[in-house]
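K.L.:
Sequence and computational prediction follow.
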Amino acid sequence: MFAVGSVLQHEAASSSSSPDGLELRRLVTRPKWMVGQGATVVGTLLQVVALALAPVAIVQPVLAGGLVVALGIRSVRDRCLPSRLDGIGAVCTCGGLAVFLVAARPAAGTGDRLPPWLPVVVAVLVAVGLVAVASRSGRGPWGALACGAAAGVAAGVAAVLISAAIKTFGERGPLATLGGSALWAALVVAVIAQLGSQQAYARGALSWSMPALVLLDPLAAVPAARLLTGERLEPGHAFVWVPAAAVAVVGVVLLARTGEGCRRPLRVSTRSQREARGTPD
């Protein structure tokens, strides 16, 4: 669902006449953008359910698979066959993630206390600051990369805060959740992450913004989860899951290098071309 939302929102935002692609009055009138937003909302709800069932260090890395799905959807919509580099990147990404999740054995933290308010505030300020700085970049690959990376960090932090709020709700009830800082901070950072992703989609190709977002999300979420909720990875298997994570990163980078151009366009038959032009055989 995140992949579908990313592709549709990118197509709508990149064609916006606004310099930063964030003129909401225009975007909300575009069915493509609204469908993309709906897919993102559904993906977010599913992510919240997943965070209630599993540690952040499982949920967030799995979302990297959305990059493979997104670029696959993009290839279909552009009528462009995936390149050999795309295939290698997809295999590295999915294979590396699978080995990482099996070897790392992420363990959930404890929910017996509210996350300290000071680390929560620092996490929020970092996420907001990164998106604010990245939003000053211009159009083009580097602007899409910067905004995608900032949005990825914000999304990872938001996921950890949501997980902390869910754990607090399960062990201490709704009043403690509403009175804590994690829930409200999660809402703020989630909105900031969404704004950052819109900035990224408006500034350049999805092959630049999406990999940055996908990479920085788990890279920010795993250490933030360790700090705020006490989640941990299996240290004795680090010699397996560290290289596996590196392979997944390489896969994402390879997918990012596909660029904007289509190297293997789908070719229609001569008969189809003649029918399209309206000429007889």
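P.N.:
Yep, it's here. Just so we're clear, the structure is a prediction, and the values are computed from it rather than from any experiment.

K.L.:
Could you report the neighbour count for Leu219?
P.N.:
When neighbours are defined as other C-beta atoms under 10 Å, Leu219 has 18 of them. C-beta here means a position set from N, CA and C on the backbone, and glycine is covered the same way.

K.L.:
pretty sure it belongs to a helix, no?
P.N.:
Yes. Using DSSP: H, G, I helix; E, B strand; the rest coil, the assignment for Leu219 is a helix.

K.L.:
Mind telling me what element the closest residue to it other than its chain neighbours is part of?
P.N.:
Among residues not flanking Leu219 along the chain, Gly156 sits closest, at 7.1 Å (C-beta to C-beta, 6 or more residues apart in numbering). When secondary structure is defined by DSSP states H and E, Gly156 falls within helix 141-172.

K.L.:
so where's this protein shaky on pLDDT?
P.N.:
Counting by pLDDT under 70, the ranges of the chain that qualify are 13-29, 108-114, 176, 179, 206-207, 256-281.

K.L.:
Contacts only, for the nearest residue to Ala134 once chain neighbours are set aside.
P.N.:
Distances taken as C-beta to C-beta, 6+ apart put Ala150 closest to Ala134, at 3.8 Å, once the chain neighbours are dropped. Contacts of Ala150 were listed using C-beta atoms under 8 Å, 6 or more residues apart in numbering, and they are Ala127, Leu130, Val131, Val133, Ala134, Ser135, Gly196, Leu216.

K.L.:
so of those residues, which ones are in helices?
P.N.:
Ala127, Leu130, Val131, Val133, Ala134, Gly196, Leu216 (DSSP state H).

K.L.:
so the last one touches Cys147, yeah?
P.N.:
Spelled out, that is Leu216. No. With contact taken as C-beta atoms under 8 Å, Leu216 and Cys147 are classed as non-touching, separated by 11.0 Å.

K.L.:
These two: who's more crowded?
P.N.:
With neighbours defined as other C-beta under 10 Å, Leu216 and Cys147 compare such that Cys147 has more, 32 against 20.

K.L.:
which is the next helix or strand following the helix or strand containing Leu46?
P.N.:
Of the helices and strands defined by DSSP H and E, Leu46 is found in helix 31-53. Helices and strands here follow DSSP H and E; after helix 31-53, the next one along the chain is helix 56-62.

K.L.:
What helices and strands are in contact with that next one?
P.N.:
In terms of contacts (3 or more C-beta pairs under 8 Å, 6 or more residues apart in numbering; DSSP states H and E), helix 56-62 is packed against helix 31-53, helix 84-104, helix 141-172, helix 206-228.

K.L.:
helix or strand right after it?
P.N.:
Remark: after helix 56-62, the chain's next helix or strand is helix 65-77, criterion DSSP H and E.

K.L.:
how about that following helix: buried residues?
P.N.:
Neighbour counts over helix 65-77 (16 or more other C-beta atoms under 10 Å) mark Gly65, Gly66, Leu67, Val68, Val69, Ala70, Leu71, Ile73, Arg74, Ser75 as buried.

K.L.:
Among the residues you listed, which one sits closest to Trp241?
P.N.:
Of all these, Trp241 sits closest to Gly65, with 16.8 Å by C-beta to C-beta.

K.L.:
I'd say that closest one and Cys94 touch.
P.N.:
Yes. Taking contact to mean C-beta under 8 Å, the distance of 6.4 Å between Gly65 and Cys94 places them in contact.

K.L.:
Reformat the helices and strands packed on helix 56-62 as JSON lines; add distance to Ala190.
P.N.:
Shown next, in JSON lines, are the helices and strands packed on helix 56-62 (distance: least, C-beta to C-beta, whole Å):
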{"stretch": "helix 31-53", "distance to Ala190": "8"}
{"stretch": "helix 84-104", "distance to Ala190": "23"}
{"stretch": "helix 141-172", "distance to Ala190": "4"}
{"stretch": "helix 206-228", "distance to Ala190": "12"}
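
K.L.:
Nearest to Gly180, out of those helices?
P.N.:
Smallest distance to Gly180 across these (C-beta to C-beta): 5.7 Å, for helix 141-172.
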